[in-house]
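Enquirer: Sequence and predicted structure, then a few things I'm wondering about:
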Amino acid sequence: MSWRHVIDAYDLLDDPSVNGEAVAEYLRAAGAREIEVSTVEGDKGSTDFIRVVVPGSAGRRSGGSAPTLAVVGRLGGLGARPEQIGFVSDGDGALVAVAAAAKLASMHSRGDVLAGDVVLATHICPDAPTRPHDPVPFMDSPVGIAEMNAQEVDPDADAVLSVDTTKGNRICNHLGFAISPTVKEGWILRTSEDLMAIQQRVSGQLPVVLPLATQDITPYGNDVHHVNSILQPATATAAPVVGVALTTETAVAGSATGATDLRSVDAAVRFCVEVAKDFGRGTCAFYDAAEFARLVELYGPMTRLQQAGGR
């Protein structure tokens, strides 16, 4: 169970003075040993990026060949102070990443070592700005998407889970979490059967899939609507990326406080942990490699959709 880690991480992050070093201290106490914290200044303030590696028994860090999973906690900020007081809905992505890192580190220190390495990254900002968005306001971020991707998307990852609050819409009306179809090099591929099976076992419900439009997987800054930033990591890697969306039945603003449902967070944490277990030992595929190769052979590469655009 990850319930204790979720509660402790929420209490830690719901603090106007929280920073990367405070989170690193918490994760070290949970058993994490490889942690990096860096402060990045942006046009709208600063934030602390944190990156945690939980090594696997057969991962590359130990000379093995087991695949590496990256978990990205995507958000604008944990809070919108002074405009809003308290932890905002947008912070759920970081909450899942931090709680999952604590759970995996605790498992490792007790002897439950996964096969593959797991790299978890997010950023810690208790006072991010907001910006207008339809149908509900978005949280903004002190730094841009390109900087986030550079800091959070591990270049050696074989697959990426991008966790993000995805409540400000009317296209996924479900209280809990949803997963997206797999996105790889500009292609929106079929939703992974293995990931849906894991989603079923941790939620006890039928799979819930987040709908995607092609424009949702293009880089920010091209003046088209995006559901949110959940698939922005897919613009920065050739690895398959799947969004893990914290969802609600009604549209909830990312800047809303009191909106975090810890049961949904716990389910998303357990999903990430179970994917890490199965992916590292080779029993969970994000996509069908032969089918992907056939698509590229028939229709050509779609990598242009990972770029800013223009002729």
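Expert: Here it is on my side, so go on.
Enquirer: can you tell me how far Pro240 sits from Pro233?
Expert: Relative to Pro233, Pro240 is positioned 11 Å away (criterion: Cβ to Cβ, to the nearest Å). Where you see a C-beta, it was placed from the backbone N, CA and C, and this is true even at glycine.
Enquirer: what residues do those two have in common as contacts?
Expert: When Cβ atoms under 8 Å, 6 or more residues apart in numbering defines a contact, the residues bordering Pro240 and Pro233 alike are Val160.
Enquirer: Compare these two (neighbour count), which wins?
Expert: More crowded of Pro240 and Pro233, by other Cβ atoms under 10 Å: Pro233, with 28 against 22.
Enquirer: how much space between that one and Asp134?
Expert: For Pro233 relative to Asp134 (Cβ to Cβ), the value is 24 Å.
Enquirer: so what's Pro129 scoring on pLDDT?
Expert: The predicted structure scores Pro129 at 88 on the pLDDT scale.
Enquirer: got any ranges where the protein has weak pLDDT?
Expert: Along the chain, the model assigns pLDDT under 70 to residues 135-137, 310-311.
Enquirer: Any idea how far apart the tips of stretch 249-260 sit?
Expert: With Cα to Cα, to the nearest Å applied, stretch 249-260 spans 13 Å between its terminal residues.
Enquirer: what do you get for stretch 46-60?
Expert: When the termini of stretch 46-60 are compared using Cα to Cα, they are 33 Å apart.
Enquirer: Likewise for stretch 141-157?
Expert: Between the opening and closing residues of stretch 141-157 lies a distance of 25 Å (Cα to Cα).
Enquirer: Show residues contacting that stretch.
Expert: Outside stretch 141-157, the residues within contact range by Cβ under 8 Å, 6+ apart are 38, 40-47, 49, 51, 60, 68-70, 72-77, 119, 121-123, 125, 128-129, 160, 219-221, 229, 232-233, 235-237, 239.
Enquirer: So which bits of that stretch are buried?
Expert: Neighbour counts over stretch 141-157 (16 or more other Cβ atoms under 10 Å) mark Ser141, Pro142, Val143, Ile145, Glu147, Met148, Asn149, Gln151, Glu152, Val153, Asp154, Ala157 as buried.
Enquirer: Can you show me the helices along this structure?
Expert: For the chain, the helices defined by DSSP state H cover 3-13, 20-30, 92-110, 145-152, 193-203, 262-280, 289-299.
Enquirer: Could I get the buried residue list for stretch 97-109?
Expert: Neighbour counts using 16+ other Cβ under 10 Å place Ala97, Val98, Ala99, Ala100, Ala101, Ala102, Lys103, Leu104, Ala105, Ser106, Met107, His108 of stretch 97-109 among the buried residues.
Enquirer: Now do the same contact list for the last one.
Expert: Residues touching His108, when contacts are defined by Cβ under 8 Å, 6+ apart, comprise Gly31, Val54, Pro55, Leu114.
Enquirer: cool, and the fourth one?
Expert: When contacts are counted by Cβ under 8 Å, 6+ apart, Ala100 is found next to Ser2, His5, Val71, Leu120, Val269, Cys272, Val273.
Enquirer: where's the third one relative to Asp127, distance?
Expert: The reference is to Val71. Between Val71 and Asp127 the distance, using Cβ to Cβ, works out to 24 Å.
Enquirer: Look at these two and report which has more neighbours.
Expert: When Val71 is set against Asp127 and neighbours are counted by other Cβ under 10 Å, the residue ahead is Val71, at 31 against 17.
Enquirer: Please name the residues that touch the more buried one.
Expert: Neighbouring residues of Val71 by Cβ under 8 Å, 6+ apart: Ala97, Ala100, Ala101, Val118, Val119, Leu120, Ala121, Val160, Leu161, Val163, Cys272, Ala276.
Enquirer: rerun that using 10 Å as the cut-off
Expert: Taking Cβ atoms under 10 Å, 6 or more residues apart in numbering, we find Val71 in contact with 52, 54, 93, 96-97, 100-101, 104, 118-122, 152, 154, 157, 159-163, 244, 269, 272-273, 275-276.
Enquirer: Ok, Thr283 next?
Expert: Listed by Cβ under 10 Å, 6+ apart, the contact partners of Thr283 are Ala115, Asp194, Ile198, Lys277.
Enquirer: Mind doing that once more with 8 Å?
Expert: So, once contact is read as Cβ under 8 Å, 6+ apart, Thr283 ends up touching Asp194.
Enquirer: Do I have it right that Gly116 meets Ala58?
Expert: Yes: between Gly116 and Ala58 there is a contact at 6.9 Å, judged by Cβ atoms under 8 Å.
Enquirer: Identify the contacts common to the two.
Expert: Where contact means Cβ under 8 Å, 6+ apart, the residues bridging Gly116 and Ala58 through contact with each are Ala66, Gly280.
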